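Asker: build me a structure from this.
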Amino acid sequence: MKNFSMNFKTIYFIFLFPIFITSQITLENIWGGKYYQTSIHGIQSMKDGKYYTVLGNGGIEKFSYETQENKGMIASGSFSGYQFNNDESYLILETESEPIYRHSKLGKYSFQKIGTTTLTPIANGAMIQEPTFSPDSKNIVYMKDNNLFIQNIATNSIIQITNDGKKNAIINGINDWVYEEEFGHVKAFEWSANGENLVFVKFDESNVKQLDIPIYYQNLYPEKLSFKYPKAGEENSKLSLYSYNLNSKKTININLSGFQNYYIPLMKSSNKADKLFVLTTNRHQNSVDVLSINPSNGNVSKLFTETDKAWIETDNFTIEFLANNSFLWTSERNGFRHIYLYDENGNLKNQVTKGNWEVTKVYGADSKGNVYYQSAEFSPKNREINKISINGTNKVKLSENEGFNEAEFSKDFSYFINNYSTKLQPKIYALYDNSAKKIKVLEENTRVANAIKSDEFTQVEFLQIPNEAGVKLEAWMIKPKNFNSTKKYPLFMYLYGGPGSQEVDNNFDGINGSWFQLLAQKGYIVLCVDGRGTGFRGSEFKKQTYKDLGNLEIQDQIAVAKYMQAQTYIDGNRIGMFGWSYGGYMTLLAMTKGADIFKVGISVAPVTNWRYYDTIYTERFLQTPQENPKGYDENSPINFANKLKGKLLMIHGTGDDNVHFQNSLEMSEAFIQADKAFEQAYYPDKNHGIYGGKTRIHLYKKMTEFILNNL
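Answerer: This next block holds a predicted model:
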């Protein structure tokens with residue numbers, strides 16, 4: 001489960017906005033783009049590490065790292081995405097696309113030889129998914145109509161390598177809905193290092209129960225969005241793994257029966273043609289087998305097994321291969337996520353990073369034996385960029401600014417483009433060399449920074465608030481301008497709260513952050529607290545909610561609200577809460593289990609019963625309903641509808657393929673049967689993000705009016 005509300009932190013626009021004359025935060029300014037950041041799109045380092053490319057309005061531009069000289073267009077035109085082949089002699093160009101689910105899309109693609117202007121259609125111009133060059137640059141594989149095809153670059157000939165693909169039955173090489181949503185990627189195939197074999201997963205979802213979502217708009221009779229959706233405790237797709245050889249034109253089955261084989265979250269090719277890595281897990285996702293597969297003959301060997309007493313983050317694996325085919329792996333086995341070095345046979349060589357802090361991303365390693373990574377070492381709310389010798393010595397901090405730092409490294413790690421932000425500083429992009437020397441600022445987002453200043457955004461204060469167990473919880477707070485500690489202010493709390501999530505970070509948010517500033521200008525104190533179960537404070541803090549989602553989390557939010565009630569500047573009778581997705585679930589618990597504290601709640605796209613949510617996410621944290629019925633029922637807000645006292649607004653999109661509309665309808669019925677008054681707003685055909693056209697500004701107007709009228 002992901003929080004769509006907060007996903008809009010990362011919406012960037014590369015066109016110029018009109019000059020805004022007003023110096024007041026308004027919903028029209030927020031959704032009109034006044035606080036949207038400008039991004040540098042599609043940064044890719046070229047193979048030599050001396051140049052990089054970006055996706056601009058006119059096509060794909062090439063720049064020198066050393067001099068920042070613009071070397072001109074590699075490909076001219078209007079493209080929404082691109083990829084190089086291994087020797088950078090060809091490009092795949094995305095010219096048209098339409099979304100399917102969160103990550104997947106259908107698109108029209110062409111390939112182009114660099115130095116020419118000829119675009120050659122892939123799949124004869126049909127809408128396809130995930131076109132990918134072979135490592136030897138001879139072929140392109142893609143998926144169409146649930147089958148895999150290979151197109152030869154030299155001859156344009158196309159061969160179909162699977163024939164049994166069928167909607168809502170068999171999928172070849174592309175993840176099914178729940179894999180895509182919860183493992184975070186679309187491809188379920190991988191080339192061998194020499195490009196001679198293609199290893200792919202076949203999903204048989206014939207026995208997975210089908211979900212039918214009515215689509216109403218401009219249809220005399222509603223049409224249906226129909227797809228297979230396995231709910232907690234129900235049957236998942238049956239998986240099988242195959243390898244297709246381009247020379248023999250034969251497909252072999254790879255036998256995984258001797259290993260964990262319920263899920264296959266990830267495949268990755270090593271530097272050797274006879275070693276392709278496949279990760280497999282049990283249904284509980286607390287045991288992962290790391291397998292080495294020979295794609296030519298299907299032989300499988302287990303390198304090692306990673307286990308955890310609760311769960312493993314199966315949506316956040318790291319495998320980074322070094323030149324000698326040893327690899328970097330991340331694990332929480334010692335209580336915090338750190339980097340480990342293994343040889344190609346799965347023998348642990350050493351732990352690279354150590355400490356009571358989290359590695360949050362691994363960028364890779366250079367030829368000199370330095371590992372580059374992002375971490376939350378100095379504070380959970382910040383991110384730093386670091387390098388360290390592969391033996392765990394000589395750690396160097398490369399990012400110079402406190403805040404949220406991210407990096408795009410050159411292929412040889414000689415340079416990196418650092419972007420950083422803070423709560424009130426939009427992203428600044430700057431180019432650095434390997435010694436952390438700044439070469440050039442590439443983008444400062446001056447327009448947005450000036451808008452923040454002119455519209456008088458107030459400081460975001462970071463603090464810690466204790467829960468009833470004495471645990472200090474990370475929080476941020478926004479107070480009204482000219483705050484007076486002798487006055488009493490209403491308190492509006494925002495949260496997400498799901499396992500491993502984070503909302504208390506020092507990262508710019510031009511959408512919800514601007515809306516919270518608007519509320520502060522209208523006299524509200526806005527507070528966000530990451531309670532127990534959230535991320536980046538170690539596995540013990542994160543995993544204490546295992547098999548009992550919602551319990552400790554709502555205890556913490558109630559404890560924080562009581563703590564704030566005791567502050568002289570808070571009106572204890574005017575405390576509200578807002579959350580989306582998991583945060584919507586938490587808001588409903590606040591309005592029922594915490595009904596004596598919370599007077600107003602806005603719950604958007606909430607889960608109301610975990611029995612209605614998907615297998616991979618839900619069972620990772622709760623196991624199945626058959627194994628753990630109490631974990632599902634004792635914190636379902638449906639079972640506490642009779643406790644509602646305050647003013648509640650529930651919002652949902654009827655076309656939500658993720659958290660189904662069923663959740664809100666079931667909650668509504670529970671309130672109705674408990675004879676409880678509440679308000680509800682439903683957006684026709686809108687998915688979990690509830691956007692499109694004027695939908696978002698309509699939604700935020702409704703929420704703002706509800707707060708002003710009731711809190």
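
Asker: which parts of the chain are helices?
Answerer: With DSSP state H as the criterion, the chain has helices at 4-7, 27-32, 177-183, 446-454, 512-521, 539-543, 551-565, 582-592, 615-622, 629-633, 662-673, 695-710.

Asker: state the distance from Ser389 to Asn253.
Answerer: In this view, Ser389 and Asn253 are 43 Å apart by Cβ to Cβ, to the nearest Å. Where C-beta positions appear, they are placed from N, C-alpha and C, glycine not excepted.

Asker: which of these two has more neighbours?
Answerer: Taking neighbours as other Cβ atoms under 10 Å, Ser389 and Asn253 compare with Ser389 leading, 15 against 11.

Asker: between the helices of the chain, which gets nearest to Thr162?
Answerer: Proximity to Thr162 (Cβ to Cβ) singles out helix 177-183 among those, at 17.4 Å.

Asker: what's across from Lys397 in the sheet?
Answerer: Beta-bridge pairing for Lys397 (DSSP bridges): Asn386.

Asker: next: Pro99.
Answerer: In this structure, Pro99 bridges to Lys105 when assessed by DSSP bridges.

Asker: that one: neighbour count?
Answerer: A count of nearby residues for Pro99, using other Cβ under 10 Å, gives 11.

Asker: Thr393 now?
Answerer: For Thr393, using other Cβ under 10 Å, the count is 8.

Asker: list phi and psi for it.
Answerer: Backbone torsions for Thr393, taken as degrees, to the nearest 10, come to phi -110, psi 170.

Asker: dump the residue contacts of it.
Answerer: By Cβ atoms under 8 Å, 6 or more residues apart in numbering, no residues touch Thr393.

Asker: again, but for Val441
Answerer: Applying Cβ under 8 Å, 6+ apart, the residues near Val441 are Ile428, Tyr429, Ala430, Leu431.

Asker: number of residues surrounding the residue nearest to the first one when sequence neighbours are not counted?
Answerer: Once flanking residues are discounted, Ile428 sits nearest to Glu444: 5.3 Å by Cβ to Cβ, 6 or more residues apart in numbering. Taking other Cβ under 10 Å as the criterion, the count of residues near Glu444 is 15.

Asker: quick check: Glu444 touching Ser421?
Answerer: No: between Glu444 and Ser421 there is no contact, the gap being 11.2 Å when judged by Cβ atoms under 8 Å.

Asker: Val607 contacts Asp614, doesn't it?
Answerer: No: when contacts are counted by Cβ under 8 Å, Val607 is not listed as touching Asp614 (10.3 Å).

Asker: of those two, which one has the most company?
Answerer: Taking other Cβ under 10 Å, Val607 and Asp614 do not tie; Val607 has more neighbours (28 against 23).

Asker: how near is the residue nearest to that one when sequence neighbours are not counted to Asn512?
Answerer: Ranked by Cβ to Cβ, 6+ apart and with sequence neighbours excluded, the top spatial neighbour of Val607 is Tyr585, at 4.5 Å. In this view, Tyr585 and Asn512 are 18 Å apart by Cβ to Cβ.

Asker: of those two, who's got more company?
Answerer: Using other Cβ under 10 Å as the criterion, Tyr585 and Asn512 rank with Tyr585 on top: 33 against 20.

Asker: which residues touch that one?
Answerer: Gly550, Gly579, Ser603, Pro606, Val607, Thr608, Pro637.

Asker: contacts only, for the residue of the chain positioned farthest from its centre.
Answerer: Within the chain, the residue lying farthest from the chain centre (Cα atoms, centre = their mean) is Thr486, at 42.0 Å. Listed by Cβ under 8 Å, 6+ apart, the contact set of Thr486 reads Thr568, Tyr569.

Asker: could you do Thr280 as well?
Answerer: Applying Cβ under 8 Å, 6+ apart, the residues near Thr280 are Leu256, Phe259, Gln260, Asn261, Tyr262, Tyr263, Ile264, Pro265, Val288, Asp289, Leu291.

Asker: ditto for Phe492
Answerer: Taking Cβ under 8 Å, 6+ apart, we find Phe492 in contact with Phe516, Leu519, Tyr524, Ile525, Val526, Leu527, Ile575, Gly576, Met577, Phe578, Ile707, Leu711.

Asker: and it, how close does it get to Leu699?
Answerer: To Leu699, Phe492 is 17 Å away according to Cβ to Cβ.

Asker: about what we covered before: distance of the residue nearest to Ile428 from Gly510?
Answerer: Noted for Glu444: a distance of 15 Å to Gly510, by Cβ to Cβ.

Asker: and for Tyr563?
Answerer: 30 Å.

Asker: the two - which one has more neighbours?
Answerer: Legend: neighbour count by other Cβ under 10 Å for Tyr563 and Gly510, higher for Gly510 (25 against 16).

Asker: what about the more buried one, distance to Pro426?
Answerer: Per Cβ to Cβ, Gly510 is found 7 Å from Pro426.

Asker: need the residues touching each of the two.
Answerer: Overlap of the contact sets of Gly510 and Pro426 (by Cβ under 8 Å, 6+ apart) consists of Tyr35, Gln37, Val448.

Asker: might one say that the second one is in contact with Gly510?
Answerer: Yes: if you go by Cβ under 8 Å, Gln37 and Gly510 touch, sitting 5.8 Å apart.

Asker: quickly list what's touching both of the two.
Answerer: Pro426, Val448.

Asker: report how many residues lie close to the residue nearest to Asn271 when sequence neighbours are not counted.
Answerer: Nearest non-adjacent residue to Asn271, counting by Cβ to Cβ, 6+ apart: Asn325, 5.0 Å away. Applying other Cβ under 10 Å, we find 14 other residues in the vicinity of Asn325.

Asker: repeat that for the one 4 residues further on.
Answerer: Neighbour count of Trp329, defined by other Cβ under 10 Å: 21.

Asker: beta partners for the residue nearest to it when sequence neighbours are not counted?
Answerer: Once flanking residues are discounted, Trp329 sits nearest to Tyr340: 4.9 Å by Cβ to Cβ, 6+ apart. Beta bridges link Tyr340 to Trp329, Gln351 when assigned by DSSP bridges.

Asker: residue contacts, Tyr340?
Answerer: Counting by Cβ under 8 Å, 6+ apart, Tyr340 makes contact with Leu328, Trp329, Thr330, Ser331, Leu348, Asn350, Gln351, Val352.

Asker: from those residues, which would you call buried?
Answerer: Buried residues within the contacts of Tyr340, counting neighbours by 16 or more other Cβ atoms under 10 Å: Leu328, Trp329, Thr330, Ser331, Val352.

Asker: reformat these as CSV; add pLDDT.
Answerer: Below are these laid out as CSV (pLDDT from 0 to 100):
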residue, pLDDT
Leu328, 98
Trp329, 98
Thr330, 98
Ser331, 98
Val352, 98
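
Asker: which among these gets closest to Gly693?
Answerer: When these are ranked by distance to Gly693 (Cβ to Cβ), Thr330 comes first, at 41.0 Å.

Asker: give me the distance between the closest one and Val362.
Answerer: Taking Cβ to Cβ, one finds Thr330 at 6 Å from Val362.

Asker: got any residues that touch both of those two?
Answerer: In contact with both Thr330 and Val362: Thr318, Ile339, using Cβ under 8 Å, 6+ apart.

Asker: state the distance from Pro637 to Ile40.
Answerer: Look at Pro637 and Ile40: by Cβ to Cβ, they are 43 Å apart.
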